[in-house]
Every structure is written in C-alpha cells, then in structure tokens.
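Trainee: coordinates only, sequence not included:
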C-alpha cells in the first residue's frame, strides 16, 4: 500500500479503501484510475489514467507548500516517463489570491483580477503546462502537466520567475507594499515578452531550466545578430528587471542622443517580488559580455532520456523556415551529449528520432527522443503469430540452398576464396524445378502459414513451372507416359529425330497447359459466384476463358443446345471459321436481330468464338493470364509461334488494350492484404520470364524488375525466390552474368537476419567476379564474420560448414574471433586467436598491453613462455620486439643463465661480468619499454616490468656474492642493480649493499 505519515495528506481512494479493494480484487493497486494525492488547505494532484500505487512513499515524492507543489525532489529516485507518478496529471493549487497592494486584501473582480488571471495563464504556458481554470473567489488554480521529468527543486532561486525558469513548480502570490508597482511590472513583462518572441514555449530555455532572456543574451555573445534582432536588443535588451521606470526613461533618451549614462541607484527588491535581482545596468558595448557561467544543467546532459519536448504542429513550419541561429529546436544530439543521426544497426534495428514518412495521420515529433524500431527481415520464417519456426527456416532457407549446393561447383579462386557457380544444363532443368516445387509444397502445408504467404508460395510454384516450360530442352518436354513406355536409349534416339517445328508446337502446347492450370482456380471461383440459377451460356463463357472447352460442350448438350455444342467444339480452330462467325454477327446486327431477339450472353460468346475478345468481354475485368490465354486460343492464328503470342500481348499491354500483368499477390490478394499499397512499377515476374523467352534477352531495367521482390511477393524484404531463379537462369545460359550485387546482398541480409551466417557467406561466393570489384568478396566475407562472430562461433555446424565446405581460410575466422574476444574483454582468448591467424603484430600488442602482466603477476610463466616463443620465430615482422615480448624471452634466458653457470663462459670476460652486461642491457630496455607502453597498457604492466627487473637484479647481486668477486666488480654490480628500477624499499636495501661494497673497495686499495 502507499505510505502516508501526516494526517493532513490524503489520497482518493483512501489507503484503507485501496487495501480493501486489493483484497477483493488482487492487482487493483496496479491500475488505480485517476489517483488523487492532496494536502488539506494546499491543493491536490490527480494523476490521469491508471496508476501503479504499490509501495509509493507519497510524502517522500510529493510535497505541498503554500502555493507550490514539488514532485520528485530527489532526481536519483525519479522513474522514467510514464512510470510511478512521473506521468500526465492535473494540478490544483489553493489560496492563490490576487492581493491589492494598497489594502492588502484579496481582489475578486475588476481589471486587477483579470490581469492576475491573465498572468497565471502566461506562467502556465511558459512552463509547457495547459491552463484549465482559475476560480478567483476560491483562489483555486488548476492546470495540467504532461510529466514531472523536467521539474526539480532549486533552493538558490527565491522568486517566482526564477523558480519557474529553473524547473521548480512554484507559484507565489504578490502581497504587501514591497511588490513592484503595477506600471513597472507591466513594462518588465513587455521587455521579457519581446525577448521571448524568438523562443517557443517548449523550446530550449524551459527544457534546460534557463532564463530565456539570459539564453538570448548568451547566444548573442557567440553569434552575430541580424538587423531586426539587434535593433530589438538595442531597444530593450539591456534593461534590467530591477531598473525603475525613471531610469528606463532616462536610458531610452540616452540612446536617442547617442550617449549612455549609468543609473545612479537600484531599487531593492523584496523576497516576494515577481522579478529577479540583477546586476547594475552595463554600457551597451559590454552588455553581452558580463554573463554568468552556464548552469550545470546546460553542461551535463542526460543520456537516458526517454522523452522530450514536443514541437507543436503550428510552429513546425515556422521553425523549418527560420534562418537565424536562435530559431532551431533542441535535438537528440544535444540531449544525448553526443552526435546522432538516423542509421541501421544489426538485425534490422533502425535508430532515429523522427516519424515514418507517409503516415496517414499527422504526428508531432519528439526531437529529443531516440526511437529503436526493428524491421523484421526474417518475417517469412515466422508463423501467423510472429514466432520464428525452425521448420519454416528449413523449408525456406536451408533446404533450397542445400538443393542449390548439390549443383554448385568451385570455379575459381580469388584472394583466398573459392568462388562458386551453379552448374546446370537445360536437360537437367525439369528435375531441378520439380525439386524446388516439392520444397514449396511442403512449406505450403506447414501449420501457421498465413493466407497471403500461401498465395506467394503458389506463385513461386507457377514461376518454377513456367521456367521449365519456357527454357527446358526438348527431351524435358516428353511426357511421363512416353518416358515410361520406352527405354532411355530409344527415347534419346526418338528425340534426336524430332523436327524443330514439332519442338515449337510441343513448347507452345506446354505453355497453353501452364496457362490453363494457373487460371483453373479463378474459373472455378467465377462459376461459383454466378450461382445455380445462372444461364448455361454465362457458365460456358466462363469456362472458355480458361479453355475448358470440353466442359463447355457438355454443359451445352445438357441444356439441349446441340448447335452451340457443335460450334464450341470448333472453337479456336481455323481462322476462316472465326471470320464466318464474325460475318454472321455483322449480318444479324444490320438486320436488328441482336437487339432483343438474341440474348447478350450468347452474342458475347459468339464474339469470343470469332476472335473478338474485347467485344466479348465488354466492361468485364479478368486477370491478365486469362486474357493472354484468350488471345492465344481464340484471336491469333493456330500457327502463331509462342514468341509471337508473347510479343503481341506485350504490344497490347503497352497500348492499354490488355489487362496489366500485375503480380499475383495483388491481383488475387486475400482480404487481410486487400488494403495493400498501389501496384508497384514492376509487373509479375512470370511476365518478364515470358519476355525473356520471346526476345532471347532482357535489358538491365527489365532484369531488375523481374528480380525485384515486388514482382513476386508483398514482402519487399523477401528475396529468396528471386535469387534462386536468377541462379538457375544464369546457369542454363539464358541470362547473362549481369550486375546482380543488389539482389545478392539483399538475400545475404535476409540470411543474416535469420542467423544463417554460413549460408550468407555461401551466397557471397556466388557473386560475379569482375576487375572493378577486386577485393569485394574478401571484404564482404570478413565483415560478415566480424559482425556475426558471436553467432557462428557458438554453432559448431556453421563453423565447420564455413571452414570445410566453403573453404574460408581459418586465419580469417581466428582474426574475427580475436577481435570479438578483445571486445568482450577476454584478452587471453583474443591473443590465442591472433596467434592462430598469424597476425603477429596485433598479437604482440595484445600480449604486452593486456595479457603478459597479469600472467606474470599470477606466476603463470609457462604460458608467457609459450606465447612469447610463438612470436619469437616471427620477430622480424613485429615492431618494437626488443622492448616488447622480446623482454620476456630475455628474462627467461637470464633466469636460466643464473641457474647454469656455464652459460656465459667466454675467453674474453668472466661469466659474472657477462651476466652483468646482459642485465645492464636488459634494465635499459625495460625502462624504454615502460616509456613505450605506459600510455597503452594498464598499471599492471609497470608492476610486472618492475618485478622482472627486481628479480634479475636480486639474482645478479646474489651471484656476485656466491662467486666472491673482487670489490671493484662487486661495486659495479651493485651500481647496475641500483639502476634496475626496483621498488623504493628494495632500492634502500641495495644502497646499503653498495655502500658496503664501496667500503671493501677502499680497504683493498688502501692495502
């Protein structure tokens, strides 16, 4: 329950009522409607909407004083906008009275009361609040606020305006003779209002808790003013709030005479004055220079803002056209304390501070709010509830790409990559398209696939069937019955003897069959819509649009119309028969027999049989595939070739005499996507496939339209079918290796969004290679490996596929993982991967700055030796090796030399002298190493280097004592040890040893 300590504070509902309702209805306190908190005699706040009041320390959050209310005085406890009590509310303050300064009594009517109410409205608007009402008799002032995230208590401000401008929601009454007189008050209000003209009520001053007048002057001190603005500031901009009218009048006259006089005195203001105490009036030339330092709120901006001021629609146009420096509004960059722009993040995350273009309803933009929206690039792998399903991923991505890979071969190598290409001939096309169809049909039967997606899948099946019909070789056109009735050798021998003209007719027949199959469901739907009471003529007409002639003949016979049945059986036959039908229709029309004696449906049917499809359809609309079929079956001569039919249809489309070949998802859209946007400029991909067969090639524009997602699906981010079709058409040689990078990279993005990193790289390896794109594939693959390293590195299947199946160099994978673990802070793993990627310089830097010190201080010398020895074989490739990792090699070498006395046996010098020289060189390089790595590494490295130096120095001193060297050599050894850079306490001990060695040397000389 909310907490209340004092009896004068209250809530509505009361705490007892809240407890009772919570027991009766668990969870009620999470959603209390229009919750009210108040203090008797001071006012109350009604929090609009539902409020979670559980465990609220009300008096710790809200404090009522005379004519003021404070909400969330402790900024650290303030919740985000919309949570707790930081939400829209209606505030009512009591005892806000208009006081007559002469009598000290409250005024309830007249001009003075009206001015007081007008002033309250201005104060409310200045704070970004909404004025509701003011009861002058009761002294009740009511206003609404959107939130309390911009209000904070500031004890340094003691007057009404200062408190308002600093964000403190304080409303003080003017009382007593100490108040500023009415004339001065109106003049100062005019001064402030003129300086506010360029600032909006919700602009920067109010949001950053600054005085708008001060901010205007601050702006003028840094940026030149335009003429109008400068004139305004010269006129009234330097008037101070405490300046009396007499001084103001004198100041104005001084400006007119060209000279400026300093006022003799200032008026002393009471703590209850409406105006802030300000310094003495300054000369004009320095009026903008004597400014106080900016407040902390201007310097320290928050990075966790969830909302900001809102730009009113009435002011947006004005601001956009403003050219001076003071006309802009604060943006996300200022509020976040850093630069900001709209951009894309991983997995389809769009970061921006605006609103979507083309929204149906106008919305106000919160320029200080940062919005993160996720664009679902993997929508096709989600069911109708928006959940990703593994079975959909398999059917849509894994299985089709696995089928593609079964025919993909390595064709070349480029920059360490094995470039691949699909290898498929036209005689293999039928089998390949059948496999694609099987995968799509399995997906079609998956539970959770929406009606719109099922329509897209149906279109994909038709597209693969059309590719087989248009581009397969003649042996693929042989029917299954023929293949089953003869051996493969006999079939090949028969196919070799097929006349080319016969092949054309077979392909045309296959295309006709494809058209009939693709519109069969539309014909059935039209038959169902006509109803059982429709005439048989109308049903026959519908059947003929799908070339279901046999069914039409049967329906005519059942209706007893034998003559019509005979005529239908010859439909689409000889051109002479069609001409005879049209001639007969002309005779009937000339004799007036068509007007009432013959039904219109029968006339339309005759026109269709005569080849006049426009006359037969009239105003009726049908799909473009049926129109194309009617053109092929009833209008063009039977001997017309398939390319001629397609080109004739294209001509009619361009001239506007045929129905546009709009994509299937628009033409047959289900109810749930009927309100889709206007048809895109691209036609149905099937239409472009027909043009490709008819012309033999397509220009770049038509190729881009054919493979655009809008040509086959309503999902503009789905490029699966287009990419597979492009690959097959290029493999069989009917499409050139054109610039398809846009399609390839779009499909790559879709695969990355589905976390199929291995398949995304597989697609990149199929991108065409040309001299202009040298190094492109390497860059793309490395970028993918780097950005999605966390995904593929945690999947053993993907990692093995990338290495073994795709042949990506292991060094690239290790380089990516090295960067990833460096980012995650696991520096030793990063070092291991840098070593495996043979990036010796990067490994050396990580070893010195991040790894070596902690290993040495933890006593892991074997690991240090292992890492350093791997780099030692490539030290010629490493910069600063001698003062880097090479120091550890020398360190362990020196340690070994002290254990093995024969390591430095030479004829020129004693072993001790050789070790001393080696240690001296080691100490010098240690100091140089400290200077080099000090700015790059942590303090641990300095500690590790110091420990190395101390350990070597201790061994050197101990060696000199064991070998009993002479005093001069011992003194020189002590001098070298003193230069090792050991800790101060160790240095003091060594200093004593050096003094002892010096004494022994003196004694020896004296002797």
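Mentor: All right, it came through fine. Quick caveat: nothing in here was measured; it's all calculated off a predicted structure.
Trainee: tell me what whichever helix or strand residue 886 is part of is packed against?
Mentor: If you go by DSSP states H and E, residue 886 is part of helix 885-899. Applying 3 or more C-beta pairs under 8 Å, 6 or more residues apart in numbering; DSSP states H and E, we find helix 885-899 packed against helix 852-857, helix 861-872, helix 911-933, helix 939-963. C-beta coordinates here come from the backbone N, C-alpha and C atoms, glycine included.
Trainee: now do the helices in the stretch 51-200 of the chain.
Mentor: In the stretch 51-200 of the chain, the helices defined using DSSP state H, counting those that start in this stretch lie at 58-61, 111-126, 160-165, 182-195.
Trainee: just checking, residue 124 touches residue 142?
Mentor: No: Residue 124 lies out of contact with residue 142 (C-beta atoms under 8 Å); the separation is 9.7 Å.
Trainee: the helix ranked longest in the chain packs against which elements?
Mentor: Across the chain, the longest stretch assigned as helix under DSSP state H is helix 500-530. With contacts taken as 3+ C-beta pairs under 8 Å, 6+ apart, helix 500-530 sits against helix 451-471, helix 536-545, helix 624-630, helix 642-655.
Trainee: so which bits of it are buried?
Mentor: 507-508, 510-512, 514-516, 518-519, 522-523, 526-527 (16 or more other C-beta atoms under 10 Å).
Trainee: domain parsing for the chain?
Mentor: What the record gives for the chain is the domain set 9-152, 839-901+909-1006, from the TED database.
Trainee: hey, least reliable of these by pLDDT?
Mentor: Here the domains of the chain differ in mean pLDDT, and the lowest is domain 839-901+909-1006 at a mean of 79.
Trainee: so residue 454 makes contact with residue 446?
Mentor: No: with contacts counted by C-beta under 8 Å, residue 454 stays clear of residue 446, the gap being 9.8 Å.
Trainee: quick one: the spatially closest residue to residue 456 that is not a sequence neighbour from residue 121, how far?
Mentor: Of all residues not flanking residue 456 in the chain, residue 713 sits nearest, at 4.6 Å (C-beta to C-beta, 6 or more residues apart in numbering). The gap separating residue 713 from residue 121 is 56 Å, by C-beta to C-beta, to the nearest Å.
Trainee: between the two, which has more neighbouring residues?
Mentor: The residue with more neighbours, out of residue 713 and residue 121, is residue 713; 26 against 12, by other C-beta atoms under 10 Å.
Trainee: doesn't that one lie inside a helix?
Mentor: No: Residue 713: not assigned to a helix; according to DSSP: H, G, I helix; E, B strand; the rest coil it is coil.
Trainee: surely it meets residue 707?
Mentor: No: if you go by C-beta under 8 Å, residue 713 and residue 707 don't touch, sitting 11.9 Å apart.
Trainee: and residue 34, which of the three is it?
Mentor: With three-state DSSP as the basis, residue 34 sits in strand.
Trainee: what are the bridge partners for the closest residue to it other than its chain neighbours, then?
Mentor: Nearest residue to residue 34, sequence neighbours excluded (C-beta to C-beta, 6+ apart): residue 46, at 5.7 Å. With DSSP bridges applied, residue 46 shows beta-bridge pairing to residue 36, residue 90.
Trainee: against residue 83, how distant is residue 46?
Mentor: For residue 46, the distance to residue 83 equals 18 Å [C-beta to C-beta].
Trainee: neighbour count: the two, which is higher?
Mentor: Legend: neighbour count by other C-beta under 10 Å for residue 46 and residue 83, higher for residue 46 (18 against 12).
Trainee: just checking, that one touches residue 32?
Mentor: No: using C-beta under 8 Å, residue 46 is not in contact with residue 32; the gap is 11.3 Å.
Trainee: quick one: the strands in this structure?
Mentor: For the chain, the strands defined by DSSP state E occupy 9-12, 32-39, 43-51, 62-65, 68-71, 89-93, 130-135, 140-145, 343-344, 349-352, 371-374, 408-414, 417-422.
Trainee: the longest one - contacts with which helices or strands?
Mentor: Under the contact definition 3+ C-beta pairs under 8 Å, 6+ apart, strand 43-51 sits against strand 32-39, strand 68-71, strand 89-93.
Trainee: go with 6 Å
Mentor: If contacts are counted by 3 or more C-beta pairs under 6 Å, 6 or more residues apart in numbering; DSSP states H and E, strand 43-51 sits against strand 32-39, strand 89-93.
Trainee: contacting residues around the shortest one?
Mentor: I take that to be strand 89-93. Strand 89-93 is contacted from outside by 43-47, 67, 140-145, 171, using C-beta atoms under 6 Å, 6 or more residues apart in numbering.
Trainee: including distance to residue 948, could those go into TSV?
Mentor: Output for the contacts of strand 89-93, formatted as TSV (distance: C-beta to C-beta, whole Å):
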residue	distance to residue 948
43	72
44	72
45	67
46	71
47	66
67	72
140	79
141	75
142	75
143	71
144	70
145	65
171	70
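Trainee: residue 552: which of the domains of the chain is closest?
Mentor: Among these, the nearest to residue 552 by C-beta to C-beta is domain 9-152 (65.5 Å).
Trainee: how about the contacts made by residue 645?
Mentor: 632, 636.
Trainee: can you tell me how far the spatially closest residue to residue 869 that is not a sequence neighbour is from residue 863?
Mentor: Leaving aside its sequence neighbours, residue 869 sits nearest to residue 889 (C-beta to C-beta, 6+ apart; 7.2 Å). From residue 889 across to residue 863, the span is 14 Å (C-beta to C-beta).
Trainee: and the pLDDT for residue 422?
Mentor: For residue 422, the predicted pLDDT is 93.
Trainee: OK, contacts around it?
Mentor: If a contact means C-beta under 6 Å, 6+ apart, then residue 422 has 407, 408, 727, 731 as its contacts.
Trainee: same question for residue 580.
Mentor: With C-beta under 6 Å, 6+ apart as the criterion, no residue contacts residue 580.
Trainee: circling back to that earlier point, how about the helices and strands packed on helix 500-530 in TSV, adding distance to residue 52?
Mentor: Output for the helices and strands packed on helix 500-530, formatted as TSV (distance: least, C-beta to C-beta, whole Å):
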stretch	distance to residue 52
helix 451-471	39
helix 536-545	62
helix 624-630	58
helix 642-655	61
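Trainee: point out the most buried one among those.
Mentor: Mean neighbour count (mean count of other C-beta atoms under 10 Å) peaks for helix 624-630 among the helices and strands packed on helix 500-530, with a mean of 24.
Trainee: check which helices and strands it sits against.
Mentor: Using 3+ C-beta pairs under 6 Å, 6+ apart as the test, helix 624-630 ends up in contact with helix 500-530.
Trainee: swap in 8 Å and give it another go.
Mentor: helix 500-530, helix 536-545, helix 642-655.
Trainee: low-confidence ranges, the stretch 451-600 of the chain, go.
Mentor: Along the stretch 451-600 of the chain, the model assigns pLDDT under 70 to residues 474-501, 532-533, 595-596.
Trainee: and for the stretch 601-750 of the chain?
Mentor: Where the stretch 601-750 of the chain drops to pLDDT under 70, the residues are 670-681.
Trainee: rerun at 80
Mentor: The stretch 601-750 of the chain contains residues with pLDDT under 80 at 669-682, 737-739.
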